[in-house]
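A.B. asks: structure for this input, please:
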Amino acid sequence: MPTFDVVSRLDLQEIDNAVSNVLREIKTRYDFKGSETTLE
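C.D. replies: Just a heads-up that it's a prediction; the model follows:
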């Protein structure tokens, strides 16, 4: 039976891009207007 290792690597630039996209989406979405939405 073959075995394999699972390796996870984080790309901090991709994480930063994802957070920026979410924050931009929160600011521009009509259904979030007037809400106190935060991202932690």
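A.B. asks: next, the residue at minimal distance from the centre of the chain: secondary structure please.
C.D. replies: Using CA atoms, centre = their mean, the residue of the chain that lies closest to the mean C-alpha position is residue 18, 3.9 Å off. Using DSSP: H, G, I helix; E, B strand; the rest coil, the three-state assignment for residue 18 comes out as helix.
A.B. asks: quick check, pLDDT for residue 32.
C.D. replies: pLDDT recorded at residue 32 is 82.
A.B. asks: one more: residue 5?
C.D. replies: Residue 5 is assigned 84 on the pLDDT scale.
A.B. asks: what of residue 40?
C.D. replies: Confidence for residue 40, expressed as pLDDT, is 83.
A.B. asks: now do the helices in this protein.
C.D. replies: Ranges of helices in the chain, per DSSP state H, are 12-28.
A.B. asks: okay, now residue 39: neighbour count?
C.D. replies: The criterion is other CB atoms under 10 Å. On that basis, residue 39 has 7 neighbouring residues. From N, CA and C alone the C-beta is placed, and that goes for glycine too.
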